[in-house]
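Undergrad: Got a sequence here, can you build the structure:
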Amino acid sequence: MSRISALLSIVILALLASVSQAATLVASVDRTRLAVGETFELTLASDDFTQFGKPDLTALQADFEVRDTRQINHLTGLNGDAPATTRWIITLVAQRAGNLSIPSLQLGDAHSQSITLTVLAADAPGKQNAAPIFIDASLDQDQVYVQAQALLTLRVYHSVALYDDSSLTPLQIPDARIESLGPPRTYEKLINGVRHGVIEWRFAIYPQRSGELLIPALVFSATPAQMNAADDPASAQPGKLAHVSSAQMPLEVKAKPAAYPADAPWLPARSLALEESWSPEPEQSQVGDSLTRTVTIKADGLASAQLPPLPGAEVKGLRRYPDQPQLSNTNSERGLIGSREERTALVPTRSGEIDLPAIDVLWWNTREDHLEHSSLPARSLQVSDSPSLAVDTPAGDTAAQSATASALWPWKLATLLLTCTTALGFGLWWRARSQPAIQRVAQTGPSPRTLLDDLKRASLANDPQATRQALDAWARQQPETLADMAARFVPLSNALDGLNGALYSEAGQFWQGEALWRAIGTIPASERRQTPGGDPGLPPLYPK
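TA: Numbering: from 1, shown residues only. Predicted structure coming up:
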C-alpha cells in the first residue's frame, strides 16, 4: 500500500508540475483610450488552478491608482469543455496624460504581456457638470466624405445612483447608415472633485449624400435613487423619472473628390490593406491539384458591406472555383474595421509557368486626403505534370523493358521473326473476314457492361466522388482517352467541367449527374466500343 501511495503522489506531483509549466497569465483592458480621472478595468486571467496567490500589482503604482480588485473563479464544466480559470478584475485610474504602459505583471512563474494606453488630458469643467445627471455628445470630426465614417460618442454622467431602468432613444438619421459599436460602457470619472458614473455609447455614422447632415438630439431616461436631504435641491426628485437630452449637431458631408476615378468603387477609409494566403503552398503544384487562394481586404473606417468584390481575371491554363465571400466587422477605438475574405479553388490544367495578374484596389485616404493604391504583386505558378494523370503502365512491362534494354541483340532476331509472322497473320486475317463473327475471349476484370452500369448508377445518384471513380475505370477501356473524347464532344466537355466544379468546391452536394450520363450517351457507338487492351477487336488467328 505504501508503494501504491508513493506512486500516486509522484503521478499527482508530475501532473501539477506540467500544469504549472503550461500556465499562462493573460492581460486585457476594457478600453485603450481614456482621459485622466476616468476609471477602467484591467483583467488578468490565469488557467493555473494550483495557484492560490494574487498578482503583484506594485508595478502599477507609478502611473495608476488601484481602486478595487475582484477575483472570479470558474470551475471546470461537467463535460470538460470549459477549463478552470481564475480572473482578477482590477479597477484603475490613470494619474497623468500621455501614452502610458501597463507593465508585465507576475503571478508565480507566469508573466502577462504589457499593454499601451492613450490617456487624454481631463476635460475642462463645464456649467452643466453641476447637475446630478447630464449628457454629452461629440463627433470625432466636423467634416466627412460621403459614405465615410463619422464616430459619434454619447456619454451620460450621473453623480447619483440610478435604478436599472435607464434607456436611450434610438439613433435614426435619414440618408445615413448607423452601426452601433457594441454595448454601452460603464466607468467612473472625477469631475470637480465629485465622482460621477459614466454610461458611454458609440455609433459609426455613414452619410449617404453630400451636404449638411444634422445629428438629432437623443433623450436619456432613468430613475435616480432616493437622495438625502443634504443633496443639491436642483437635483431630480426622488423616485421621479429623469430625462436629459443631448444637443443637435451639424455634420458637413463632402462629395467624392473629382480626382477619384469615376469607374472605381468609392472607398473612403483611414487605411486599407490586402493580405494573401495559400493552402497548400503553390511551389510544388501539379496538373490537377486543387490550390486554395485566400485574399482578404481590411479597411479601417468602412463596414464590410461597403467593400466591393476583388477583381478576378480568367487565367489560361487555370480553372477557378470561387466560394462565397466571408464578411466580418471588428470594433476598435476608432470605429469599425471591415473585412472581406474571398477564397478561390484554383486547378491547373496544363504544366509549365502560369502567370497570375496583380490585384490592385483604389481607395481614398481620409487621414491624408489623397488617392492611394493597395495591391498584391503578380506571381507565377510553376506547374509540373502529374504522374497520376499519365497512362498506367503495368509493372511487368516496365521490368521487361529494363531487361531487354541491356540485351538488344535478341530484339533483332525477334524483329525478323515478327516480320514473317505478321505477313502470315495478315493473310489468315484476310481469310477470316469471310467467317462468321466469333465471340471474343473473356477478359479479366469487370466487363465493359458492368463498368458502364457502375457509371450510370453513380451519376444518377448525384455522387461526384463515386462518379469520378467509375468514369476513370470506364475510360481506361475506351479506344481513346477521356480528354480526347471531351475535345471531340462538347456535351461531354461541359459535363466534365460541372463534375470538376463539384469535386473542388463546397457545392458538391448540389451536383446533378444526369447531364453527364446523357453526355456519355451522345458518343457514337463506334467511339465507345470497349476492347480489352485498347486495340481494335481482331478475330482469333485460327477460327474454328
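
Undergrad: Ser246 versus the residue nearest to Ser210 when sequence neighbours are not counted, what's the distance?
TA: Nearest-residue entry for Ser210: Ala255, 4.0 Å, with adjacent residues in sequence omitted and distances by CB to CB, 6 or more residues apart in numbering. C-beta here means a position set from N, CA and C on the backbone, and glycine is covered the same way. According to CB to CB, to the nearest Å, Ala255 and Ser246 sit 28 Å apart.

Undergrad: again with Gly335
TA: Per CB to CB, Gly335 is found 19 Å from Ser246.

Undergrad: So, low pLDDT: which residues of the stretch 1-150 of the chain?
TA: Low-confidence segments of the stretch 1-150 of the chain (pLDDT under 70): 1-23, 49-52, 76-83, 123-130.

Undergrad: go again using 90 as the cut-off
TA: Within the stretch 1-150 of the chain, the stretches with pLDDT under 90 are 1-41, 44-90, 92-100, 104-112, 114, 117-132.

Undergrad: the helices in it, which residues?
TA: Ranges of helices in the stretch 1-150 of the chain, per DSSP state H, counting those that start in this stretch, are 2-22.

Undergrad: thinking again about what came up before, if you count surrounding residues, which of Gly335 and Ser246 has more?
TA: Gly335 (25 against 22; other CB atoms under 10 Å).

Undergrad: Give the full set of residues in contact with that one.
TA: Shown in contact with Gly335 (CB atoms under 8 Å, 6 or more residues apart in numbering): 149, 151, 181, 202, 204, 300-301.

Undergrad: Tell me who's in contact with the residue nearest to Ser210.
TA: 145-146, 210.

Undergrad: quick one: which of the residues you listed is most hemmed in?
TA: When neighbours are counted by other CB under 10 Å, Tyr145 leads the contacts of Ala255 with 21 neighbours.

Undergrad: hang on, the earlier thing: report pLDDT for the residue nearest to Ser210.
TA: pLDDT, Ala255: 96.

Undergrad: how far away is it from Pro268?
TA: Taking CB to CB, one finds Ala255 at 11 Å from Pro268.

Undergrad: Quick check: neighbours shared by those two?
TA: With CB under 8 Å, 6+ apart, Ala255 and Pro268 have common neighbours 145-146.

Undergrad: Name the SS class of Leu452, please.
TA: Following DSSP: H, G, I helix; E, B strand; the rest coil, we place Leu452 in the helix state.

Undergrad: Contacts only, for it.
TA: Neighbouring residues of Leu452 by CB under 8 Å, 6+ apart: 474, 520.

Undergrad: How about Ser493?
TA: Neighbouring residues of Ser493 by CB under 8 Å, 6+ apart: 486-487.

Undergrad: repeat for the one 10 residues further on
TA: With contact taken as CB under 8 Å, 6+ apart, Leu503 is in contact with 464-465, 468.

Undergrad: Just the buried ones out of these, please.
TA: Buried by 16 or more other CB atoms under 10 Å: 464, 468, out of the contacts of Leu503.

Undergrad: so of the contacts of Leu503, which ones are in strands?
TA: Residues of the contacts of Leu503 located in strands (DSSP state E): none.

Undergrad: Helices - which of the contacts of Leu503 land there?
TA: Those of the contacts of Leu503 mapping onto helices are 464-465, 468, per DSSP state H.

Undergrad: Tabulate these in TSV, adding columns for pLDDT.
TA: Formatted as TSV, those follow (pLDDT from 0 to 100):
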residue	pLDDT
Pro464	85
Gln465	85
Arg468	85
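
Undergrad: Hmm, Ala269 is touching Trp364, no?
TA: Yes - the pair Ala269 / Trp364 is scored as a contact, 7.3 Å apart, by CB atoms under 8 Å.

Undergrad: Compare these two and say which one has the larger neighbour count.
TA: A count of neighbours by other CB under 10 Å puts Ala269 above the other of Ala269 and Trp364, at 25 against 21.

Undergrad: Who is that one paired with across the strands?
TA: Asn365 (DSSP bridges).

Undergrad: and it, how far is that from Leu371?
TA: Distance, Ala269 to Leu371, by CB to CB: 12 Å.

Undergrad: ok, now Thr330?
TA: Counting by CB to CB, the gap from Thr330 to Leu371 is 25 Å.

Undergrad: Leaving out the residues flanking it, which one is nearest to Tyr163?
TA: Closest residue in space to Tyr163, ignoring its immediate chain neighbours: Thr223 at 4.4 Å, by CB to CB, 6+ apart.

Undergrad: Equivalent analysis for Ala303, please.
TA: Gly338 (4.8 Å).

Undergrad: got it, and Leu75?
TA: Nearest residue to Leu75 in three dimensions, chain neighbours excluded: Ala84, at 5.5 Å (CB to CB, 6+ apart).

Undergrad: Please look at that neighbour and Ser46 and confirm they touch.
TA: No - in this structure, Ala84 is not within contact of Ser46 by CB under 8 Å, at 9.8 Å.

Undergrad: Between those two, which has more neighbouring residues?
TA: Between Ala84 and Ser46, counting by other CB under 10 Å, Ser46 is the more crowded of the two (20 against 15).

Undergrad: show me what contacts that one?
TA: Applying CB under 8 Å, 6+ apart, the residues contacting Ser46 are 23-26, 85-87, 107, 110.

Undergrad: Of those residues, select the buried ones using a ChimeraX command.
TA: Buried members of the contacts of Ser46, defined by 16+ other CB under 10 Å, are picked up in ChimeraX with:
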select :23,25,85,86,107,110
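
Undergrad: Dump the contacts of Ser46 to JSON lines, plus distance to Pro309.
TA: Converted to JSON lines, the contacts of Ser46 look like this (distance: CB to CB, whole Å):
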{"residue": "Ala23", "distance to Pro309": "45"}
{"residue": "Thr24", "distance to Pro309": "40"}
{"residue": "Leu25", "distance to Pro309": "43"}
{"residue": "Val26", "distance to Pro309": "37"}
{"residue": "Thr85", "distance to Pro309": "42"}
{"residue": "Thr86", "distance to Pro309": "46"}
{"residue": "Arg87", "distance to Pro309": "42"}
{"residue": "Leu107", "distance to Pro309": "48"}
{"residue": "Ala110", "distance to Pro309": "45"}
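
Undergrad: hang on, the earlier thing: which among the contacts of Ala255 gets closest to Glu275?
TA: Nearest to Glu275 among the contacts of Ala255: Tyr145, at 25.0 Å, using CB to CB.

Undergrad: wait, doesn't Val194 sit right on Val160?
TA: No - assessed by CB under 8 Å, Val194 is found out of contact with Val160, at 10.5 Å.

Undergrad: which one of the two has more residues nearby?
TA: Ranked by neighbour count (other CB under 10 Å), Val194 and Val160 place Val160 first, with 20 against 12.

Undergrad: related to what we said a few turns ago, format the contacts of Ala255 as TSV; extra columns: distance to Thr481.
TA: Putting these into TSV (distance: CB to CB, whole Å) gives the following:
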residue	distance to Thr481
Tyr145	59
Val146	58
Ser210	62
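
Undergrad: Give me the subset of these that lies in strands.
TA: For the contacts of Ala255, the ones inside strands are Tyr145, with DSSP E as the criterion.

Undergrad: Any buried residues in stretch 214-229, and which?
TA: Those would be 215, 218, 220, 222-224, 227, for stretch 214-229 by 16+ other CB under 10 Å.

Undergrad: likewise stretch 58-71?
TA: Across stretch 58-71, burial judged by 16+ other CB under 10 Å covers 59-60, 63-64.

Undergrad: Just grab the bridge partners of Ile102 for me.
TA: Note on Ile102: beta-bridge partners Ile115, judged by DSSP bridges.

Undergrad: Equivalent analysis for Glu275, please.
TA: Thr296.

Undergrad: What separation is there between it and Thr294?
TA: Distance from Glu275 to Thr294, by CB to CB: 8 Å.

Undergrad: Please apply the same query to Arg476.
TA: Between Arg476 and Thr294 the distance is 36 Å, computed by CB to CB.

Undergrad: Then Ser285?
TA: Ser285 is 16 Å from Thr294, by CB to CB.
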